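In: 3D model of this:
(chains A, B, C and D)
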Number of protein chains: 2
Amino acid sequence: MGEISRRSGFAASAIRYYEAEGLIEAHRSGGGQRRFERSVLRRLAFIRAASNVGLSIEEIRDELGRLPGNRTPTKADWHRISKHWGARLDEQIAALQRLKSGLDGCIGCGCLSLRSCAFSNAGDWAASQGPGAQLLPDSLRKPHPTKRTS
Amino acid sequence: MGEISRRSGFAASAIRYYEAEGLIEAHRSGGGQRRFERSVLRRLAFIRAASNVGLSIEEIRDELGRLPGNRTPTKADWHRISKHWGARLDEQIAALQRLKSGLDGCIGCGCLSLRSCAFSNAGDWAASQGPGAQLLPDSLRKPHPTKRTS
DNA sequence: GTTCAAGTTGAAGTGAACTTGAGTTCAAGG
DNA sequence: CCTTGAACTCAAGTTCACTTCAACTTGAAC
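Out: Below you'll find the predicted structure:
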């Protein structure tokens, strides 16, 4: 346990948590202690990478589960997956850039008025319900706790 | 209350929360109901903009408090502030781009191995303690619950 | 004078991703 | 055998930014 923790960089508690969540597996030795196979280190590396990209535990579980045969990723898998992640990162980058350019457009206008400033206008959120470009995609919104008031 | 909620786009509960947190003020009428001045709408617009940029309530309170005389922003204030926010957004964008380019460099390598893949390597986090470029700045990390294990 | 939507309060709940704590057991060294 | 440090379990705590609930009061219209 201490070893895998040191080598993966995750806290022991995090590793136990991932096991409980079904992201990794461990078999037990004699009196109940976890023993990990080497492949678990790869899975943990995968988990770290995925969570750097901003995936939730749920999504990581899905993605791990979608690997045919539930194995650790091969070259081909990794190729496919990193395309997916790249797209996600692009989307996040684009969202921030939209926000930035809105801000740039605002610099010096001193407005911040409710009806004229697109940057702070709440209407931007309510109005862009359709599949148009939003200021921020869901992936960058603050983890909204409950259902939306809409 | 209903009116300011409608006009600001915030839920009534959020507005009460902001008042409790000291971000806005309200004086009370006769039997305890909140009455807001028009300037509060501007403050709320400011709050929305700031939280779009990713500032926490704490930071927003600071920034509102730093406005000399605790007024709503003038043109000059807004100019200064939006530069600050722009820098922050730039930093976030740059961080995501670093992540993306790391990922691009990895596509097809199929590695994801602990010692060779910089993208998933935990060492990247532990090693870059100095003021060097990190993969992700704190502002983009998942809101880590407690103190770091370091 | 009645009615009722809209407002009030304080406490408690939400979700994500873990961490912390308490109390217990394992395993290796001396 | 004894000690010590690492690991175990399970429940509860943490942070953030709010929301929801229950029980009650206001205030504007009819």
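In: so A:R35 bridges to which residues?
Out: A:H27 (DSSP bridges).
In: residues near it, how many?
Out: 12 (other Cβ atoms under 10 Å in any protein chain shown). For every residue, glycine as well, the C-beta is placed using N, CA and C.
In: from DNA strand D, how far out is it?
Out: With distances taken as Cβ to the nearest atom of the strand, to the nearest Å, A:R35 is found 8 Å from DNA strand D.
In: check contacts around that residue.
Out: For A:R35, the contacting residues are A:26-29, by Cβ atoms under 8 Å, 6 or more residues apart in numbering or on different chains.
In: so which of these is the closest to chain B?
Out: Closest approach between the contacts of A:R35 and chain B, by Cβ to the nearest Cβ: A:A26, at 17.8 Å.
In: that closest one touches A:R43, doesn't it?
Out: No: here A:A26 lies out of contact with A:R43, judged by Cβ atoms under 8 Å, at a distance of 11.0 Å.
In: is stretch A:18-26 in proximity to chain B?
Out: No: Stretch A:18-26 is not in contact with chain B by Cβ under 8 Å from any Cβ of the partner chain; minimum separation 14.1 Å.
In: for stretch A:68-76, same thing?
Out: Yes: on the criterion Cβ under 8 Å from any Cβ, stretch A:68-76 is in touch with chain B at A:72-76.
In: just the buried ones from those, in PyMOL syntax?
Out: Remark: buried members of the residues of stretch A:68-76 next to chain B, expressed as a PyMOL selection using 16 or more other Cβ atoms under 10 Å in any protein chain shown:
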select buried, chain A and resi 72+73
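In: buried ones in the helix ranked longest in chain A?
Out: Counting by DSSP state H, the longest helix found in chain A is helix A:75-106. Residues A:77-78, A:81-82, A:85-86, A:88-89, A:92-93, A:95-96, A:99-100, A:102-103, A:106 are the ones in helix A:75-106 that count as buried (16+ other Cβ under 10 Å).
In: which helices and strands does that helix pack with?
Out: The contact analysis (3 or more Cβ pairs under 8 Å, 6 or more residues apart in numbering or on different chains; DSSP states H and E) places helix A:75-106 against helix A:38-53, helix B:38-53, helix B:75-106.
In: can you say which of those helices is nearest to B:G2?
Out: helix B:38-53 (13.8 Å; Cβ to Cβ).
In: same question for that closest one, mean pLDDT?
Out: Rounded to a whole number, the mean pLDDT of helix B:38-53 is 89.
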